[in-house]
Structure formats: structure tokens, C-alpha cells
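Enquirer: sharing a model prediction with you, sequence too.
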Amino acid sequence: MNPPALRALIADSLILWGVAGRVDIADAGVRITAGDLVLHVTQARPEEAPMRWWLISEARRRPAASMLGLLRSLRYALNATGAEPARARVAAPS
Amino acid sequence: MIPVSVITGFLGSGKTTLLRSVLRDPAYAGSAVIVNEWGDIGLDHELLETSEENLLGLANGCLCCTTRGDLARTLIDLAARRRSGAVTYHRVLIETSGLADPAPILHTLLVDPTIAESHRVEAVVTVVDALLGSETIARHPEATQQAMLADRLLLSKTDLAPDTSALEAQLAELNPGAPILRAVQGAIPPDMLFASAARPEALRHWLDATVTPTARHSTGVETISILREDPIPGVVLPLFLEALAEHAGEKLLRMKGIIRVAEAPEKPAVLHGVRHVLHPIEWLEDWPSADRRSRLVLIGQGIPQWWPARLLEALEEEARA
């Protein structure tokens, strides 16, 4: 996923969550600024598989194995309320 | 699986009249009927001509809020009596109160494991008064919600309102995929109302009516369409649905789709959901038309137009990496 596509998805996610913030392309990922909080999202290197993403704040680096995990971590880091962790299952056709 | 259909509509729209007419049809006469009435004294159930043991009233509260637990218990109890041979019925018809939001009712039907293992939601039919419907929708959010969640919209009292074009346009904006049917005194073949909304022809109608290249905007409700030429990897579906439920949650009013899954491209997967509750995925034996693209339609409020497509694209890219 290239940085412009990542920026677009995360910017839309902030709108969806009702978070006032700004998303800019920075280095190999994006920088998210929401109030005093600054977060970075970067793609993991191939040798870091199965991790695909890093969410980096001043305090810690949090890995995510999928975009689903990254969005969940980002929402949590932004303290955006209302998330309902869900599980969906798809059965194979018989 | 016992089919369950929900008849909803605002106060005085003609739900009970419709139900009375439906129960006169021999194929539907043996239905179990659950009537929810608002108020201390239930009257509607007195007007229904059906066997006493097949008719249950849920009074003193609205089915979508205070009596949801009663609905679950009633359905479970009915099914147990059916298994024991104490009652006989082939389907369940639920008439909501006029102020009910159908979404929590569908939620109960879909997520309660005891109900879901033996019942299948077939259709939500919303009755709209042809004479007063426009004003009711404008003034009462419950009526709007009932129209938006319908699989089929039924205009009642059309003999009193010769020109329903404005109301039909209003309904089409709220729920572009639901066919608008008409009836006087509830006279309409019940199969037109209660045939499964997941049947290929019903699904095709819904998708044909709602898949547009851009979002529609009306009264804060947006229709977001996603089209995919290429098959979607199966592993993406649960991730996408989880993300939708988790992040779009209450903003997602309705979702339907037909998906060409990479691992089984000849058997389309049908997605169907209300808010954060998703029906179990159904697999069709064949495509309902020559169009074999994946098509997904989301109706919601406050969901950025491109967010679902961008999310799906990101997940597809991960799956293919």
C-alpha cells in the first residue's frame, strides 16, 4: 500500500471515528496529528513478517499483522470511543 | 429452519389489516403470529382470525426495546412446543408496534444463538400509509427507520391517495433497493411480500437499484456502492466484515452484496447485514445474472464515501502479498 493510499484510508477513518486530526505523508508512511498527540504509521520490513504495520508513538512501537489490527490500535491510541470489537466468520460453500 | 418475517410500519399504517389478509391465504393460515402492541390493553390480536395457540401477544412495551427478551423467549418456547407436537406452524410472522425500530428486533433474531440455529429471517415488510406516509416520515424518525430497513415496502390505502409519486420518490431515496408494492385492505399475494430477500431475483433487484457509481445523498443517508471486477480472496471477507462492524457499527444501516470469491468463483457469496449484525453468509448455486462482478451496497449515515472501498482494497492487497 503506497503512502497516498494509506493517508486516504486513515484520513477517512479519522472522519468515521469523529476524530479531529491531520494526516500527512511522512518518511515511508504517514504522520497523524490529533491535538497534542503525534503518531506515525509505517509499513513493516519484509523480514518483520508476519507483521505488516507499525504504529509508533512517543511511548511505544506497536506492531499489527493486518490493516484491521492497525486500525484497531490506531483508534485505541487516539482514544476514539465507540469501537466494538467484532468477529465475523465465513463458512465455505458446500 | 423456520422462516421468520417481520411486518412493521408506523401507527395506523395498516399492519394488522395486512396480517389479517395474509392469514386468510391457505398457505399462510397456519403461521405462528407474534403481535407486539403498545399500551396496556392489546387490541390488535383480537382482530386476527387465527388459532389461539398460534397467536401470541407481547404487550406493555415496544418490541425493539423493553420486550426484546420476551420475543426471544417466545420464539424459543414456540419452537419447543412445535418440536413436541403441541403446535403446528411453518413460519413465524411478527407484527411490531408502530413505534418499533426493526433493527434491534432483527438483531435479536440473528444473534441469539438459540433462535438463530432454528430460525431464518426471510423478509422485513414495511407498511406505509399512502395518504399520510410522507408527513409521517418527515416527522417521525421511527417511520424513516422502518422504511430504510425494509426488504419490501407496501403502500397501503392507495384507494385514498390516487397520486403516490412523491411518496414513492421519498421512499426510493431512503431505500432504493426495496420494491414498492401496493395494496388496498391488505390484498396482495403474500409470497410477493415474504419470499426470502436473499433469493437471487430479490437480490438482483436490490443490487440493480442501488449500485451506482457515486453515493446518493438524501436526508443524511448515503448509499455507498463498491464494484469489483476481480474475485476477492476469501480470507478478506471476514476481515472486511469485522472492520465494518467494528468501525462503521451503528452508522451502517443496511448492507447487501454479492461477492465473487476467488476460491469459489462459480458460487457467489451473499452478504446481508443490518447495522453491525451480519446474517450468516449464504452461498448461491449460481449467479443470478450474467454480471459476475462483486457488488456491495452499504446504506449508512456518516460513513465517508470511499472508506469501505479503501479498506477493502487495503485488505485485498495484504491478502495477495
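Expert: It's in.

Enquirer: now the strands for chain B?
Expert: Counting by DSSP state E, chain B has strands at residues B:2-9, B:32-36, B:55-58, B:92-95, B:119-129, B:152-156, B:180-182, B:216-218, B:221-228, B:252-261, B:264-274, B:277-278, B:282-283, B:294-300.

Enquirer: any idea how far the second one is from the middle of the chain?
Expert: On the basis of C-alpha atoms, centre = their mean, to the nearest Å, strand B:32-36 is displaced by 17 Å from the centre of the chain it belongs to.

Enquirer: for that strand, packing partners?
Expert: Judged by 3 or more C-beta pairs under 8 Å, 6 or more residues apart in numbering or on different chains; DSSP states H and E, the packing partners of strand B:32-36 are helix B:15-24, strand B:55-58, helix B:68-84, strand B:92-95. From N, CA and C alone the C-beta is placed, and that goes for glycine too.

Enquirer: who wins for proximity to B:Gly133 among the ones you listed?
Expert: In terms of C-beta to C-beta, the element of the helices and strands packed on strand B:32-36 nearest to B:Gly133 is helix B:15-24, at 13.3 Å.

Enquirer: the closest residue to B:Gly133 other than its chain neighbours and A:Asn79, how far apart?
Expert: Closest residue to B:Gly133 apart from its sequence neighbours, by C-beta to C-beta, 6 or more residues apart in numbering or on different chains: B:Leu167 at 4.9 Å. From B:Leu167 across to A:Asn79, the span is 44 Å (C-beta to C-beta, to the nearest Å).

Enquirer: out of those two, which sits in the more crowded spot?
Expert: B:Leu167 (24 against 11; other C-beta atoms under 10 Å in any protein chain shown).

Enquirer: related to what we said a few turns ago, go through the strands of chain B and find the least confident stretch.
Expert: Sorting the strands of chain B by mean pLDDT places strand B:216-218 lowest, at a mean of 40.

Enquirer: re earlier: need the per-residue pLDDT for the residue nearest to B:Gly133.
Expert: pLDDT recorded at B:Leu167 is 95.

Enquirer: just to check, B:Leu271 is in contact with B:Arg260?
Expert: No. Between B:Leu271 and B:Arg260 there is no contact under C-beta atoms under 8 Å: 12.0 Å.

Enquirer: what about those two, which has more around it?
Expert: B:Leu271 (26 against 20).

Enquirer: which residue, other than its chain neighbours, is closest to that one?
Expert: What sits nearest to B:Leu271 in space, not counting adjacent residues and going by C-beta to C-beta, 6+ apart, is B:Gly257, at 4.2 Å.

Enquirer: show me the domain layout of chain B.
Expert: Chain B breaks down by automatic domain parsing into domains covering B:2-194, B:200-320.

Enquirer: closest one to A:Gly69 among these?
Expert: Per C-beta to C-beta, nearest to A:Gly69 of those: domain B:200-320, 9.5 Å.

Enquirer: show me what contacts residue 15?
Expert: I'll assume chain A. B:304, B:307 (C-beta atoms under 8 Å, 6 or more residues apart in numbering or on different chains).

Enquirer: my question was about chain B, not that one.
Expert: B:7-9, B:44, B:95-96, B:98, B:127.

Enquirer: how about the residues of chain B near chain A?
Expert: B:234, B:237-239, B:241-243, B:245-251, B:263-264, B:267, B:269, B:276, B:278, B:280-281, B:283, B:302-304, B:306-307, B:310-311, B:313-315, B:317-318, B:321 (C-beta under 8 Å from any C-beta of the partner chain).

Enquirer: which of those residues are buried? Put it as a ChimeraX command.
Expert: Paste this into ChimeraX to select the buried members of the residues of chain B next to chain A, with burial taken from 16 or more other C-beta atoms under 10 Å in any protein chain shown:
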select /B:234,237,238,239,241,242,243,245,246,247,248,249,251,267,269,276,278,281,283,303,304,306,307,310,311,313,314,315,318
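
Enquirer: residue of the stretch 1-150 of chain B closest to chain A, please.
Expert: At 11.0 Å from chain A, B:Val111 is the closest residue in the stretch 1-150 of chain B, using C-beta to the nearest C-beta.
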